[in-house]
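Colleague: The following comprises the amino acid sequence and a computationally predicted model.
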Amino acid sequence: MFKIKLNQELFNKHVEEIDKSIRKSISSKLKIKLTDDEKGCLEYIQKNLIDILKADSKKMQDYISYFKKNYPDIIGKQNTKEKNWKRIYKIVRKDIFEREYTNWSDRTKYGAYIFVKTLDLKTCPYCNRNYTFAVDENSGKLRPEIDHFYPKSIYPFLAMSFYNLIPSCSICNHTKKDKVKLDLLNPYELKKNDFKFTYIPKDISFFNVENEKYNFDSFEIGIYGNKANLEVFKLEELYKQHKDVVLELLIKKAYYPKSYIDELKSFGFSEDEVYRYLVCNYKNDEDLHKRPLSKLIKDISEELNLI
């Protein structure tokens, strides 16, 4: 995983545009005959709508707790058929928030395509394994999927909250699906090295072998971080498939001694340029989204002291 940098201008635009649209839908529903609880629920959402749209993970959890206590009928349950939905859940989910999400997905003035294109994430923030380009072709716009960090089917009132909309690859989106883990870390809230890769030699002789004797069986890839994220996105299992990348770094460490790196610097190359030349990667954390596996390569390169 890597941290998503907040785009304040996009954040403000999202809240402004979505607030206007949802507010109209709520006002329309308040005109129909409702029970006191149903009316109170819609009025509460209407009153707090801007705050709901702005809510970070901590604040979203506060709203989840509030609705569970005061309006539990709008909390969805997995695998519940629509015919068994409570009326207020149907109104909040299908008639207001899901309708808004569907319309937002197709809008050209400000919609999902503009949202992901403005964020400009090149790879999936959950796994950093797959590209997530947004492409504007003559034949139609292409964009990555958008994961609801807190599932919209269970917490429909959060379906359009800015921090709940995470551009992601299809693998992570479908792997996570409607799983609910409140200890999951949101990519917007990651701190430096919340997730860390390392290589784990299988034998002490690993450190003495000749460079041509490094092989896939001589080490394992270790990943440390929030347990919920590792489990939900199957990161340990997936990254075991990338031992070839680490093997290349081990071989480069053997072939490129510090004297060679110093020689490159003597030709006027900066440390960043030498790093890009040697490992074909970005060094700064804010650039890690630009290429798949960049976090893995960065962590292992630093551990090997490649530059």
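Modeller: Arrived safely. Numbering: from 1, shown residues only.

Colleague: which residue ranges form the helices in the stretch 51-200 of the chain?
Modeller: Ranges of helices within the stretch 51-200 of the chain are 57-70, 87-90, 98-106, 112-119, 170-176, based on DSSP state H, counting those that start in this stretch.

Colleague: which residues touch the longest one?
Modeller: Looking back up the chat, that one is helix 57-70. For helix 57-70, the surrounding residues in contact (C-beta atoms under 8 Å, 6 or more residues apart in numbering) are 41, 44, 48, 51-52, 55, 74-75, 149-150, 155, 157-158, 161, 163-164, 182, 186, 188-189. No exception for glycine: its C-beta is placed from N, CA and C like everyone else's.

Colleague: what does the second one give?
Modeller: By C-beta under 8 Å, 6+ apart, the list of residues contacting helix 87-90 from outside reads 37-38, 41-42, 71, 73-76, 82, 156.

Colleague: mind running it again at 7 Å?
Modeller: Contacts to helix 87-90, defined as C-beta atoms under 7 Å, 6 or more residues apart in numbering, come from residues 38, 41, 73-74, 76.

Colleague: Can you pull out the low-pLDDT segments for the chain?
Modeller: 137-140, 204-215 (pLDDT under 70).

Colleague: if you set the cut-off to 80 instead, what comes out?
Modeller: Applying pLDDT under 80 to the chain flags the ranges 137-141, 178-182, 203-217, 257-261, 265, 307.

Colleague: Tell me the one among the contacts of helix 87-90 nearest to residue 91.
Modeller: Within the contacts of helix 87-90, the smallest distance to residue 91 is 7.2 Å, found for residue 38 (C-beta to C-beta).

Colleague: For burial, what's the neighbour tally of the residue nearest to the closest one when sequence neighbours are not counted?
Modeller: Excluding its sequence neighbours, the residue lying closest to residue 38 (C-beta to C-beta, 6 or more residues apart in numbering) is residue 88, at 4.6 Å. Residue 88 has 21 neighbouring residues, counting by other C-beta atoms under 10 Å.

Colleague: Next: the one 3 residues further on.
Modeller: By other C-beta under 10 Å, the residues close to residue 91 number 22.

Colleague: mind checking how far the nearest residue to it once chain neighbours are set aside is from residue 22?
Modeller: Residue nearest to residue 91 in three dimensions, not counting chain neighbours: residue 29, with 5.6 Å by C-beta to C-beta, 6+ apart. In this view, residue 29 and residue 22 are 11 Å apart by C-beta to C-beta, to the nearest Å.

Colleague: Let me know the helix or strand that residue 274 is in.
Modeller: Following DSSP states H and E, one finds residue 274 within helix 271-279.

Colleague: Report all helices and strands that that helix contacts.
Modeller: helix 243-255, helix 258-266 (3 or more C-beta pairs under 7 Å, 6 or more residues apart in numbering; DSSP states H and E).

Colleague: So which bits of the helix ranked longest in the chain are buried?
Modeller: Scanning the chain for the longest helix, with DSSP state H as the assignment, gives helix 8-29. Buried positions in helix 8-29, judged by neighbour count with 16 or more other C-beta atoms under 10 Å: 10, 13-15, 17-19, 21-22, 25-26, 29.

Colleague: hmm, back to that, between residue 29 and residue 22, what contacts are shared?
Modeller: By C-beta under 7 Å, 6+ apart, residue 29 and residue 22 have these common neighbours: residue 96.

Colleague: Name the residues of the helix holding residue 274 that are buried.
Modeller: For helix 271-279, the neighbour count (16+ other C-beta under 10 Å) marks 274-275, 278-279 as buried.

Colleague: following that helix, which helix or strand shows up next?
Modeller: Using DSSP H and E, the first helix or strand after helix 271-279 is helix 294-303.

Colleague: what residues does that next one touch?
Modeller: 2, 128, 195-199, 239, 242, 245-246, 249, 279, 281-283, 288.
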